[in-house]
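# how does the following fold in three dimensions:
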Amino acid sequence: MTVDEASASSSSHGGRTFYFCSPSCQAAFNRSPNEYERLADVIPPPLARLPELARNLWWSWHPEARALFGALKPPSEEPVHDNPLQLLLGLDRQTLERYAHDTEFLARYRRVLAMFDADLAPRGSQRGSLLEPIGPGPIAYFSAEFGVHSALPVYSGGLGVLAGDIAKEASDLGVPLVGVGFMYPQGYFRQRVSADGHQEEVYEHLRLPLAPAAPACTEAGLPCVVAIQLPDRVVQTAVSVVRVGRVPLYLMDTDLEPNAPDDRVLSARLYGGDQELRIRQEILLGIGGVRLLRALGIAPGVWHANEGHAAFMMVERVRELVADGRPFDRAVEEVKASTVFTTHTPVPAGHDIFSVALVEKYLGTYWPQLGLSRDQFLALGTHDASPGLNMTALALRLSGHRNAVSRRHGEVSRRMWRRLWSGIPETKIPITFVTNGVHVPSWVGPEMARLYRTYLGEDWLDWHDALDLWGRVDAIPGRELWEAHRTLKGRLVKFLRDRAARRRTHGLDGAGQSVAAGALLDPEALTLGFARRFATYKRAALILRDPVRLKMLVTDRQRPVQIVFAGKAHPADEPGKQVLRTVYQAAADPAYEGRIAFIEDYDMHVAQHLVQGVDVWLNTPQPPHEASGTSGQKAAINGVPNLSVLDGWWAEAYDETNGWAVGDARADVDEASRDAVDAEALYGLLEMKVVSLYYDRGIDGTPRGWLRVMKRAIQTVTPRFSARRMVREYVERLYTPAARQKVDHE
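Down below sits the predicted model:
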């Protein structure tokens, strides 16, 4: 397929056809098509669809597709962060002609294309079918970030990776979902750590021609440009489409020539800048997001706001209905009927609240269009008599279907927001929960997937949310499970050593970083993994609280423990940066003999190696501040047990056989004493249970007791905490009722 043929192609979604841009449309967006034109010149006809595969992130969770692109990479070449498009652009015609005449490669290529076409066909597979349609129109899923793969670095952490997993699972299940968010040309920051452990943020401009994205165009082939009125000017935003299997993500970017310099960087960075920049971004996400869907001719049946960042989406839809002649109250009821809102934040300080002055400045001409006064508009977002517009309160008032992200978080949320429903018992407050899950094909290690195919069945992925399927894990021989885990652990150690070596070569190391990045890690030692955002409530440094006991654990000659840390602190979070500094300095401390590692510049690529290769997943949040968490779920599907505080999802999953619980999250312990109590519990578990069980080996060298815990972790976590189960719950409990209510209100 030539570039012109590809650009004229379309994808069917939810009964509509969505067209992608031609080179002339790309030029209108200030996006040079030169790279794609050159690619068309060098790709031989037998391999014409390689660019199409490379530009759809479907490849990111299909190992056969990744292996196909991997076969094209010269053995001596350093990885390009698994970006097939960048790989193809680096190959010459002669090399590609050689593969075009390689019968074995051509056979693999055709097999991958057959899988790709089957998965993208409407309801074209067992995984791609639901029992019944949701309703007319797709689900519009608004999120400030989407973490699909490190080849598209427009995410910061758990919220974005969850959104990416939902998009991938929606594609697998055939759920008609479209995503709305930002392209972020500078993405989230790259992390550098100085010799004293100080985090430095480095922003690199995303090269859009190398990103798996294309400009989005209208059905007429014109560039989709959305205009937003700010106080004294109009801001225009371009729209790119990222294809995630069957699911399109429409991502906005204000870096256009007609915009003022300050507005061109409005969408440049994820979670950067001050409150004024933040309100402008959220106006763009919510109001601009609705308008881009209208411009593309997409009429959602259900609207889903992932966190309060997208609450202005609901306000804009109310404005549309008022402009169409509805009374305000009637318009609100219509919007609520078809709106789902997910809250992720159990900490009051984590919710966006914009000052009255900022709201007046940026929305002063907007609320009259709703038929409201200033005070009536502000009242939509008031909570606890705090001044300003609380975006979560706004979203809760304008949505009819609301959920937290774990059972415990549902309890916390109902308590936190009970004043919005005065006179209703706390247990009856209409905030349900859908516990987060993870996209199993994206996070399961290849060796574990091979075992599952062998002992659960070739079609295990089609049924991986079925509880009874996982009883077959008992049939996996302990020796085979242990060898699969050892292979993944060895790959992690090699990855960390290679990463340290490359960073030394490129002069990127801080003092001692080569040691801290894993050069001395022992593949035989019990390895704990901790990889989270470095927010203070996540307590990354809890295990460092008693240096004497920690030293005894990590320097034990017979039963050593080692710990691998990774994560970033928010650029404005100085307490979080101090926690990171404490961890980094421990990693560089010779007293611990290189048994503590800190991995710089954490991303999804690093996360995959960690959740597949460590022995134990460590998670120590301060309860009840963990909304859900998903990193431990990714570890458990790979047979890695959790050693975690009973908060978030682990409070639902722990059953005394599948890992270890640190302390009692519901115990009557004051906050000042909580760290000491939980640290004591953590050290006690390691000293008395975890370490001894790991090193208790049978005559064949396998830790039989440990393998029982591994199997229980797999069996109890994979089906219940998969994105498959989560997306089905959204469909059955939230999307379908919302779609029906929408029809009833029309």
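# quick one: the strands in the stretch 1-150 of the chain?
Per DSSP state E, counting those that start in this stretch, the stretch 1-150 of the chain carries strands over the ranges 10-13, 16-19, 139-143.
# looking at those strands, which one has the lowest mean pLDDT?
Confidence, taken as mean pLDDT, is least for strand 16-19 of the strands of the stretch 1-150 of the chain (a mean of 34).
# could you say which helix or strand contains the residue most central in space within the chain?
By C-alpha atoms, centre = their mean, the chain has its centre lying nearest to residue 161, at 0.3 Å. In the assignment (DSSP states H and E), residue 161 maps to helix 158-173.
# now that helix: how far from the chain's centre is it?
Helix 158-173 has its C-alpha centroid displaced from the chain centroid by 7 Å (C-alpha atoms, centre = their mean, to the nearest Å).
# orientation of that helix relative to strand 139-143 in degrees?
Helix 158-173 and strand 139-143 are oriented at 160 degrees to each other (axes from the mean of the first three to the mean of the last three C-alpha atoms, to 10 degrees).
# contact partners of stretch 355-364?
Residues from elsewhere that reach stretch 355-364 (C-beta atoms under 8 Å, 6 or more residues apart in numbering): 230-231, 275-276, 279-280, 283, 374, 377-378, 387-389. The C-beta positions use only the backbone N, C-alpha and C, and glycine is treated the same way.
# need these in a markdown table with pLDDT and neighbour count, can you?
Below are the contacts of stretch 355-364 laid out as a markdown table (pLDDT from 0 to 100; neighbours: other C-beta atoms under 10 Å):
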| residue | pLDDT | neighbour count |
| --- | --- | --- |
| 230 | 90 | 16 |
| 231 | 88 | 10 |
| 275 | 92 | 13 |
| 276 | 94 | 14 |
| 279 | 96 | 21 |
| 280 | 95 | 21 |
| 283 | 96 | 21 |
| 374 | 96 | 14 |
| 377 | 97 | 20 |
| 378 | 96 | 20 |
| 387 | 87 | 11 |
| 388 | 93 | 18 |
| 389 | 96 | 25 |
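# and the strands in the stretch 601-746 of the chain?
Going by DSSP E, counting those that start in this stretch, the stretch 601-746 of the chain shows strands at 616-619, 642-645, 659-662.
# deepest of the ones you listed, which one?
Highest mean neighbour count among the strands of the stretch 601-746 of the chain (mean count of other C-beta atoms under 10 Å): strand 642-645, with a mean of 28.
# show me what that strand is packed against.
strand 616-619, helix 631-636, helix 650-653, strand 659-662, helix 671-685 (3 or more C-beta pairs under 8 Å, 6 or more residues apart in numbering; DSSP states H and E).
# check which residues of the last one are buried.
Neighbour-count burial for helix 671-685, with 16 or more other C-beta atoms under 10 Å as criterion, is recorded at 674, 675, 678, 679, 681, 682, 683, 685.
# do I have it right that the second one meets residue 542?
Read that as residue 675. Yes - with contact defined as C-beta atoms under 8 Å, residue 675 reaches residue 542; the gap is 6.4 Å.
# measure the residue nearest to the centre of the chain to residue 562 for me?
26 Å (C-beta to C-beta, to the nearest Å).
# let me see the ranges of the helices in the stretch 251-400 of the chain.
261-264, 275-283, 289-295, 312-323, 328-337, 356-363, 374-379, 391-398 (DSSP state H, counting those that start in this stretch).
# do the stretch 51-200 of the chain as well
Under DSSP H, counting those that start in this stretch, the stretch 51-200 of the chain gives helices at 63-70, 84-89, 93-100, 103-120, 158-173.
# which residues of this protein score low on pLDDT?
Applying pLDDT under 70 to the chain flags residues 1-37, 75-81, 123-133, 503-520, 665-668, 743-746.
# please go through it and pick out the longest strand.
Assignment by DSSP state E gives strand 233-244 as the longest strand of the chain.
# in that one, which residues are buried?
So strand 233-244, judged by 16+ other C-beta under 10 Å, has buried residues 235, 236, 237, 238, 239, 240, 241, 242, 243, 244.
# which of the residues in stretch 425-433 are buried?
Quick answer for stretch 425-433 (16+ other C-beta under 10 Å): 429, 431, 432, 433.
# so how far is residue 624 from the closest residue to the last one other than its chain neighbours?
By that I understand residue 433. Of all residues not flanking residue 433 in the chain, residue 410 sits nearest, at 3.4 Å (C-beta to C-beta, 6 or more residues apart in numbering). Per C-beta to C-beta, residue 410 is found 11 Å from residue 624.
# mind listing the shared neighbours of the two?
By the contact definition C-beta under 8 Å, 6+ apart, residue 410 and residue 624 are jointly contacted by no residue.
# ramachandran angles for residue 560?
Main-chain torsions, residue 560, degrees, to the nearest 10: phi -70, psi 150.
# who are the packing partners of the one helix or strand the residue nearest to residue 433 maps to?
For residue 410, the host element (DSSP H and E) is helix 407-416. For helix 407-416, the elements it packs on are strand 401-404, strand 432-433, helix 650-653, judged by 3+ C-beta pairs under 8 Å, 6+ apart.
# the domain parsing of the protein - what is it?
32-120, 139-436+727-745, 441-721 (automatic domain parsing).
# now do the second one: distance to the chain's middle.
For domain 139-436+727-745, the gap between its own C-alpha mean and the chain's C-alpha mean amounts to 15 Å (C-alpha atoms, centre = their mean).
# for the shortest one, same thing?
With C-alpha atoms, centre = their mean as the basis, the distance from the averaged C-alpha position of domain 32-120 to the chain average is 25 Å.
# how about a markdown table for the helices of the stretch 251-400 of the chain, with distance to residue 548 added?
Below are these laid out as a markdown table (distance: least, C-beta to C-beta, whole Å):
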| stretch | distance to residue 548 |
| --- | --- |
| helix 261-264 | 54 |
| helix 275-283 | 44 |
| helix 289-295 | 54 |
| helix 312-323 | 53 |
| helix 328-337 | 57 |
| helix 356-363 | 50 |
| helix 374-379 | 55 |
| helix 391-398 | 43 |
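# nearest to residue 477, out of those helices?
Nearest of the helices of the stretch 251-400 of the chain to residue 477, taken as C-beta to C-beta: helix 391-398 at 49.8 Å.
# what's stretch 731-740 in contact with?
130, 134-137, 139, 173, 175, 301-302, 304, 337-340, 400-401, 403, 432, 434.
# same question, stretch 716-729
130, 165-166, 168-170, 172-173, 175, 434-440, 464-467, 469-470, 630, 633, 636-637, 649, 652-653, 655, 657-658.
# what does stretch 478-487 give?
445, 447-448, 450-451, 523, 615, 638-639, 700, 702-704, 707, 710-711.
# the longest strand of the chain packs against which elements?
helix 158-173, strand 214-215, strand 225-230, strand 247-253, helix 289-295.
# residue 583: which of those is closest?
Of all these, helix 158-173 comes closest under C-beta to C-beta, at 18.7 Å.
# return that closest one as PDB; C-alpha atoms alone will do.
Output of helix 158-173 as PDB, limited to C-alpha atoms (Å, rounded to 0.1, in the frame of the first residue of the first chain):
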ATOM      1  CA  GLY A 158      -0.900   5.100  36.600                       C
ATOM      2  CA  LEU A 159      -3.800   7.200  35.400                       C
ATOM      3  CA  GLY A 160      -2.500   7.300  31.800                       C
ATOM      4  CA  VAL A 161      -1.400   3.600  31.700                       C
ATOM      5  CA  LEU A 162      -4.900   2.600  33.000                       C
ATOM      6  CA  ALA A 163      -6.400   4.700  30.200                       C
ATOM      7  CA  GLY A 164      -4.100   3.000  27.700                       C
ATOM      8  CA  ASP A 165      -5.000  -0.500  29.000                       C
ATOM      9  CA  ILE A 166      -8.700   0.400  28.700                       C
ATOM     10  CA  ALA A 167      -8.200   1.400  25.100                       C
ATOM     11  CA  LYS A 168      -6.400  -1.800  24.300                       C
ATOM     12  CA  GLU A 169      -9.000  -4.000  26.000                       C
ATOM     13  CA  ALA A 170     -11.800  -2.100  24.300                       C
ATOM     14  CA  SER A 171     -10.100  -3.000  21.000                       C
ATOM     15  CA  ASP A 172      -9.800  -6.600  22.000                       C
ATOM     16  CA  LEU A 173     -13.500  -6.800  23.100                       C
END
